[in-house]
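Asker: Give me a 3D structure for the following:
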Amino acid sequence: MTGKACAVQQFELGVCYYPEQWPEAMWEDDYRRMRELGFTIVRMGEFAWNVFEPEEGVYDFGLFDRAIALAHRHGLKVILGTPTATPPAWLTHRHPEVLNASKEGVLYRHGMRRHYNYSSPVYREYCARITRSMAEHYADHPVVVGWQIDNELNCEIQVFYSEADHAAFRMWLQNKYGTLAALNEAWGTVFWNQGYSDWEQIHLTRPTPADSVNPHLALDEKRFISDNTISFARLQAQIIRELAPKQWITTNGLFGHLDSHALTGELLDFFSYDSYPNFSTIWNDADRDTPMLDRTVSSTLSRVRSISPNFCIMEQQSGPGGWVNRMAQPSPKPGQMRLWTYQSVAHGADMLLYFRWRTATFGTEIYWHGINDYHNRPNRRVAEAAAVGRELGRLGADIAGSRYAAEAAMVRDYANEWDGELDVWHGPLREESEYGWTKALQLAHIPFDFVYMREETALEELTRYKVLVYPHPAIMTERTADLLKQYVAGGGKLLFGARTGYKDERGHCRMAPFPGPVADLCGVTVEDFTLLNGADSAATPLSWVNGLSGTETPARAHRFNDILRPEADTAEVLAEYAADYYAGMPALTCNRYGSGEAYYYGAAYSREVAQALIGRLGLEPAAAGWCELPPEVEIAVRVKDGRRFAFLLNYANREVEARLLQEADDLLEGVRLAGGRLALPPYGVKVLELK
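Answerer: Below you'll find the predicted structure:
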C-alpha cells in the first residue's frame, strides 16, 4: 500500500487539551491523571490565536510555554495546532475581506469558526505571520513533536464565494486552460449561449433560475476548491518545514471538495482523521434491514488508510456529542468508547487522541463531552480510557507499524465524487453500491481496502488485490481504462456498475457506445437504459442464470437499469431483468479478459447481489480455517514481520459467541486460548495472535 505512514515505535495514546480554557491551578492534576491513564501525548493550541497574538503584531507565548513545560515535566509529548481555523475578532473586524460568503454573496460573520476564505491575500499574510512566529518559538522545544495545520479543513462549509474566491477561480482557470476558447470548449458554453468573451465574466456558481448550473463549471469549481485548500495549507507547511524541520506535520479531517491524497502526498508526513462513530446513530438510514450504524465508520477508516496506511486519529469520540443548536448524539454505552478505540486501531491507527480531556463548561460545544465530565470526578469513560491505556501499554510496540491485510478493495476517484454531487444520473448510485458491498463484505468477515484512482496510480497498487469493485465511474479517462485492462489481463477480477465510462474527464458524454473505453474489457455494450426512483418497490426484480452462487437469494436491480448487449463470445450472462419492457434482457455479465474477469452490473449493487457474487469471486473470510464468527463481529487483521494480529470487534449490545478452531494468544488478557467457545461481551474486543 502506498501513502505516507505515521511512523512510531510505540503506540501513542493521548488526548486533546485546552489549557487556555482552564485555571492554571488545574493543569498539574490534569497532566498527572493523564499519565496515570497511560497517555503519552496531547494536542493543544488549534483554537488559541487570541492567546498567541492578543492584538495585531503583539505575540505572547507565556501561557502555552508554561503549559508545554508542565506537560514535559510529566512526560507528555505535545502536538501544536496552528490556530488559523478561528481568526480573531480584531482581524475580521479590520479586514472583512477575509470572510467567506454564501453563494448569494452574503458574508459569514465572526462568532463561529471556519468563517474565513482561503483566497484572501490579507488572510494568507496573517496566517503566515502567526505560523512563522509559532514555528520560530517552538522549533527546538524538546517536547513539541509535531504540528497540525489548521483544523478540519473544509469542515462546516466546503464552498467559498467571497470576492477573493471568484478572482482566484479566474486565475486558476487561466492557468488550466490558457485561453477563453479552450475554456468555452471544455465547458460546452455554446449550449444555452453561455460563452465567455472576457475572463471577468466568469464566476464561481451563483444563484440561477431553478438553482441549476453548468455541470462542467461545477466540476471545475470543486477541483479549484481542492487546489485552493491545498495551496492554503502549503503556505503553513512550507514555513514549518523551513523553521522546524525535525517536527512532523499533519492535519485532521476527511471532508468534501478536498483531494486528501494530494494534500498528504505534497505537504504532510501522514494523515489524521477525527472519528465520531455515534454520528451514524443519527444519520444512518433507519429503514435499512440490520443497519450497520457505528460499524459504517470502518468503511471510512478504510478510506483514511488509502491516504496513510498507518494514520493518526486526532479526535476519537469519548462521550455524547453535540453543539448547543445541533448534532445531538446519545452517550456511548458502556464498552463502546473502548470498542471504537480498537475499531480505529484495527484499521491502521498508530496514534490516537481522545476528544477531549474535559467537557467544556462554556461555548458552542458544552454538550460535546470529553473523558472527564464538568465535575471532574471519576466516571465510566475515565475507567474505559484507563483500561485502553493499560492494554496498549502492553501490546502497543508489537502492533505499531503493522499493516492492515485485505484481498479486496473498493475503488473511488475524486472526479466522480465531485461530478456526482450535481449529476443525479450517477451520483446517488455510488453510495448505494458502496453500502451494499461493504455490508456484504463485513457480514461475510472479508476485510477490504479503498483505492483511489489518480494520475499517479500504478499497476502494482492494483495487483495486490484479488478483487476490485469500481461501481460507477461515469468519468473514465483513457489512462484509467488502460490501467484497469492491464489489471484484469494479469488475473484480476474487476466489477463495474451502471453508468460506467460514458463521460470524459471534462464531464462530456462520449459519442460512443457505453461503457465507452472499457466496452471491450467488459465484452458488452449498453443497449438501453432507464433511471428509477430510489424506492425499493421501483427496483426491477432479477433472475439468476448460469448457476450463480446464491440463486436462492431474491434480489432487485436498484436506482438505474442498464440493459446490456453481449458483444464478445467470452461474455457470460449471470442475471437477467425479470420485469418491465426489458424482462429477459441481461443485467449482470462476466467477461473473460486475459487471465482475469470483468463484471458489469447494470444497476446499483445491493447487499444481496454482492453476496451472490462473493463466492464466485473466490473471496474467503479472514478467519477461514481458524475461527467461526457470528455476523455481529467484525474481523480486521494487521500484519508485521510474519506476525498476524486479528482484531475481533463485537458491535452488538449483547454477548455473542465465536468458535476458535486452534490455539491462539489473547493479547489483551495475556492468556493462551486452547480453542473452543470464545465469548465476546457486549461491545467486547479481542486481539488474537495465532501460533
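
Asker: contacts and neighbour counts: CA atoms only from here.
Answerer: Will do.

Asker: So which helix or strand of the chain has the lowest pLDDT on average?
Answerer: Within the chain, no helix or strand scores below helix 280-283, which has a mean of 73 by mean pLDDT, DSSP states H and E.

Asker: May I see the buried residues of that helix?
Answerer: Using 16 or more other C-alpha atoms under 10 Å as the test for burial, helix 280-283 gives Ser280.

Asker: and the residue nearest to Pro330 when sequence neighbours are not counted, how many neighbours?
Answerer: Using C-alpha to C-alpha, 6 or more residues apart in numbering and skipping the chain neighbours, the partner closest in space to Pro330 is Pro320 (5.2 Å). Neighbourhood size, Pro320 [other C-alpha atoms under 10 Å]: 18.

Asker: Tell me how far Pro320 lies from Ile366.
Answerer: The gap separating Pro320 from Ile366 is 11 Å, by C-alpha to C-alpha, to the nearest Å.

Asker: circling back to that earlier point, tell me the SS of the residue nearest to Pro330?
Answerer: Look at Pro320: counting by DSSP: H, G, I helix; E, B strand; the rest coil, its state is coil.

Asker: so who does it touch?
Answerer: Asn278, Ala328, Gln329, Pro330, Ser331, Pro332, Tyr367, Trp368, His369 (C-alpha atoms under 8 Å, 6 or more residues apart in numbering).

Asker: Distance of the third one relative to Gly321?
Answerer: According to C-alpha to C-alpha, Gln329 and Gly321 sit 5 Å apart.

Asker: Find residues that contact each of the two.
Answerer: Asn278.

Asker: and those two? which has more neighbours close in?
Answerer: Gly321 (23 against 20).

Asker: Just the pLDDT at the closest residue to the more buried one other than its chain neighbours, thanks.
Answerer: In this structure, Gly321 finds its nearest non-sequential neighbour in Trp368, 4.1 Å apart by C-alpha to C-alpha, 6+ apart. On pLDDT, Trp368 comes in at 95.

Asker: and if you look at Ala538?
Answerer: 85.

Asker: Check Gly550 too.
Answerer: On the pLDDT scale, Gly550 gets 56.

Asker: Could you list which residues are in contact with Tyr593?
Answerer: Val488, Ala489, Leu521, Thr570.

Asker: secondary structure element for the third one?
Answerer: Leu521 is part of helix 519-522, with elements assigned from DSSP states H and E.

Asker: pLDDT averaged over that helix, what's the number?
Answerer: 98.

Asker: Please apply the same query to stretch 169-179.
Answerer: Here the average pLDDT along stretch 169-179 is 98.

Asker: Might you quantify the distance of that stretch from its chain's geometric centre?
Answerer: A distance of 29 Å separates the centroid of the chain from that of stretch 169-179, by C-alpha atoms, centre = their mean, to the nearest Å.

Asker: Run through who's touching it.
Answerer: With C-alpha under 8 Å, 6+ apart, stretch 169-179 has contacts from Leu180, Leu183, Trp199, Glu200, Ile202, His203, Leu204, Glu221, Phe224.

Asker: per-residue confidence at Asn284?
Answerer: Predicted confidence (pLDDT) for Asn284: 59.

Asker: Got the domain ranges for this protein?
Answerer: Following the assignment in automatic domain parsing, the chain carries domains at 12-86+114-159+229-401, 408-617, 627-690.

Asker: Just the terminal-to-terminal distance for the second one.
Answerer: It refers to domain 408-617. Domain 408-617 has an end-to-end distance of 10 Å (C-alpha to C-alpha).

Asker: Likewise for the last one?
Answerer: This stretch, domain 627-690, spans 11 Å end to end (C-alpha to C-alpha).

Asker: Could you pull out the buried residues of the helix or strand where Ile614 lies?
Answerer: For Ile614, the element it lies in under DSSP H and E is helix 607-617. Buried residues in helix 607-617, counted by 16+ other C-alpha under 10 Å: Arg607, Glu608, Val609, Ala610, Gln611, Ala612, Leu613, Ile614, Leu617.

Asker: Likewise for stretch 198-208?
Answerer: Counting neighbours by 16+ other C-alpha under 10 Å, stretch 198-208 gives Ile202, His203, Leu204, Thr205 as buried.

Asker: Give me the residue ranges of the stretch 251-400 of the chain where confidence is low.
Answerer: The model of the stretch 251-400 of the chain has pLDDT under 70 over residues 283-289.

Asker: all helices for it, in order.
Answerer: 260-267, 280-283, 297-307, 336-346, 380-399 (DSSP state H, counting those that start in this stretch).

Asker: Give me the angle between the last one and helix 336-346.
Answerer: Computed by axes from the mean of the first three to the mean of the last three C-alpha atoms, to 10 degrees, the angle separating helix 380-399 from helix 336-346 equals 20 degrees.

Asker: Just after helix 380-399, pick out the following helix or strand.
Answerer: strand 403-404.

Asker: any idea which helix or strand comes after that following strand?
Answerer: strand 408-412.

Asker: quick one: contacts of that following strand?
Answerer: For strand 408-412, using C-alpha under 8 Å, 6+ apart, the contacting residues are 434, 447-453, 465-471, 473, 619.

Asker: next one: stretch 130-139
Answerer: 49, 53, 59, 82, 144, 236, 239-240, 243-247.

Asker: Same question for stretch 87-107.
Answerer: Contacts of stretch 87-107 (C-alpha under 8 Å, 6+ apart): 49-50, 55-56, 108-110, 113, 115-117, 120, 122-123, 160-164, 205-207.

Asker: Within the sheet, what are the partner strands of the host helix or strand of Ala575, with directions?
Answerer: Assessed by DSSP H and E, Ala575 sits inside strand 571-577. The pairing partners recorded for strand 571-577 under DSSP bridges are strand 540-544 (antiparallel), strand 586-593 (antiparallel).

Asker: Mind listing the residues bridging to the closest residue to Lys691 other than its chain neighbours?
Answerer: Excluding its sequence neighbours, the residue lying closest to Lys691 (C-alpha to C-alpha, 6+ apart) is Ala664, at 5.8 Å. In this structure, Ala664 bridges to Leu673, Leu690 when assessed by DSSP bridges.

Asker: Appreciated, that's everything.
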